[in-house]
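In: Fold the following for me, if possible:
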Amino acid sequence: MTDRPLLAGPILAEVVLPTQELRNDIPFFTKTLGMRLETIFPADDPSVASFSGHGLRVRIEKGAATPPGHLRILTDDPASFAGGQRQLTAPNGTRIDVVPLTPVALPIAAEHAFVVRRLRDGAPWVIGRAGMHYRDLIPTRLGGSVIASHIRIPDGGPVPDMVHYHTVGFQLIFCYRGWVDVLYEDQGEMIRLHAGDCVNQPPGIRHRVVEASPNIEVIEIGVPAEHVTTIDHSLTLPNGKGDPAREWDGQTFVHHIKDKASWGPFRIPGFTARDTGMAAGTKGVAGIQVIRKGDGTPVASRHDADIHFTFVMDGTLRLDADGQEPRDLEAGDAFVIPPGIVVTYAEASEDLELLEVALRGDFATTLAD
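Out: Numbering: from 1, shown residues only. As a prediction, this is how the structure comes out:
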């Protein structure tokens, strides 16, 4: 007799839900929710039944010592499901919510505020996705409209990341210190971001962080503040060079390289700037510039941008704003200037370098009289 290996069968998982009377639940789960009856017993007086559908299997047991449960049905056509109802309750008490299958980034109105976040104030670093350390640069997040994060990976090396994408209105990755290797959908081979380089991650573009230098630091801006990250288990990167003009929700992928950038006059006297091309790539959704001290005397100005965030990358300055105490700022500090507030970037050091993020990117600046 020959020993033959046992063949492993399929492995399934069921969610157990209670009921008082199974006969009342069968038509709800089969007709209303469109699930398929898989098993039912005992034959003479059924008290247990299993249903499958929509990627889920549930087992309903009469008298089960468990709460009624809460199910979410995900569909991009809710009008065609359960007669268009968005919330239902099964006879056994189970709550059913019908929600969008594809997450949508809904814009959130900014709650304008003057914000200064200083590195020396000791804001905590928290461990986030893929083991990266995050420092929140806008604690109020302006009412949930934006998140600005200072991210670091202390040890560097390979990053335990997966191919994923974000449901966002805009997202910026700016390499502040060190370097980081990232793969992007339809962008060919690995892209290495060096200090001073940046990319926008258009809504839905698949990407994966591969490796980073020791003590890598990046600045990440996302709109809105809370957005969904979805893992794409079906795509392998790199996936070749796609159409350079491809758009994701109206935005193209922009890779700004510091060493290829040109400097020109900034809109405020006393400074120079390099534009990253983000305003063009996002069709005005966001504008990103790097600013340095130039010739001339800085003057007071105001802007009409909905969100205007600045991170001090190097050097020092004094921030003078109407109605606020002067703030002495240094590398690692960040600030938000609300629209209409008159400010002056005073006493800028020779090595001053700022990262400015504005939404929208086609905002206007008025020099004060």
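In: Please count neighbours and contacts with C-alpha atoms only from this point.
Out: Fine.
In: do you know how far Ala49 is from Val146?
Out: Using CA to CA, to the nearest Å, one gets 47 Å for the distance from Ala49 to Val146.
In: out of the two, which sits in the busier spot?
Out: More neighbours surround Val146 than the other of Ala49 and Val146, with 26 against 20 (other CA atoms under 10 Å).
In: Which pLDDT value belongs to the more buried one?
Out: pLDDT, the model's per-residue confidence, is 97 for Val146.
In: residues contacting it?
Out: Ala110, Ile221, Gly222, Val223, Pro224, Ala225 (CA atoms under 8 Å, 6 or more residues apart in numbering).
In: nearest spatial neighbour of it, skipping sequence neighbours?
Out: Nearest residue to Val146 in three dimensions, chain neighbours excluded: Ala225, at 4.3 Å (CA to CA, 6 or more residues apart in numbering).
In: That neighbour contacts Ser149, correct?
Out: No. Ala225 lies out of contact with Ser149 (CA atoms under 8 Å); the separation is 10.2 Å.
In: for stretch 288-298, how far is the first residue from the last?
Out: End-to-end for stretch 288-298, by CA to CA: 20 Å.
In: pLDDT (mean, whole number) over it?
Out: Mean predicted lDDT for stretch 288-298 stands at 94.
In: what residues does it touch?
Out: 266, 268-279, 344-346, 348-358, 361.
In: Restrict those residues to the buried ones and give me that as a ChimeraX selection.
Out: Selecting only the buried entries of these in ChimeraX, with 16 or more other CA atoms under 10 Å as the criterion:
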select :266,268,269,270,271,272,273,274,275,276,277,278,279,344,345,346,348,352,353,354,355,356,357,358,361
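In: Next step: the contacts of stretch 288-298 restricted to helices.
Out: Met278, Ala279 (DSSP state H).
In: Sort out which of the contacts of stretch 288-298 are in strands and list them.
Out: 271-275, 344-346, 353-358 (DSSP state E).
In: Leu367: how many residues sit nearby?
Out: Neighbours of Leu367 (other CA under 10 Å): 14.
In: Which residue, neighbours along the chain excluded, lies closest to it?
Out: Closest to Leu367 by CA to CA, 6+ apart is Ser301, at 4.3 Å.
In: can you list the weak-confidence ranges in the stretch 1-150 of the chain?
Out: Along the stretch 1-150 of the chain, the model assigns pLDDT under 70 to residues 1-8, 129-130.
In: Count the residues that sit near Arg57.
Out: 18.
In: correct me, but it touches Val16?
Out: No. Between Arg57 and Val16 there is no contact under CA under 8 Å: 9.0 Å.
In: can you give me the helices in this structure?
Out: With helices called from DSSP H, the chain shows them at 22-27, 278-281.
In: Can I get the shortest one in PDB? Just the C-alpha atoms.
Out: The one in question is helix 278-281. Written as PDB, here are the backbone C-alpha positions of helix 278-281 (Å, rounded to 0.1, in the frame of the first residue of the first chain):
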ATOM      1  CA  MET A 278       3.500  71.200  -9.600                       C
ATOM      2  CA  ALA A 279       1.000  74.000 -10.500                       C
ATOM      3  CA  ALA A 280       1.200  73.000 -14.200                       C
ATOM      4  CA  GLY A 281       1.100  69.200 -13.400                       C
END
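In: ok, back up a step: and among the helices of the chain, the most buried is which?
Out: helix 278-281 (a mean of 21; mean count of other CA atoms under 10 Å).
In: now it: how far from the chain's centre is it?
Out: 19 Å (CA atoms, centre = their mean, to the nearest Å).
In: do the same with stretch 287-294
Out: On CA atoms, centre = their mean, the centre of stretch 287-294 falls 24 Å from that of its chain.
In: Stretch 98-107 too?
Out: Taking mean C-alpha positions (CA atoms, centre = their mean), stretch 98-107 and its chain are 14 Å apart.
In: Now do the buried residues in that stretch.
Out: In stretch 98-107, counting by 16+ other CA under 10 Å, buried: Val98, Val99, Pro103, Ala105.
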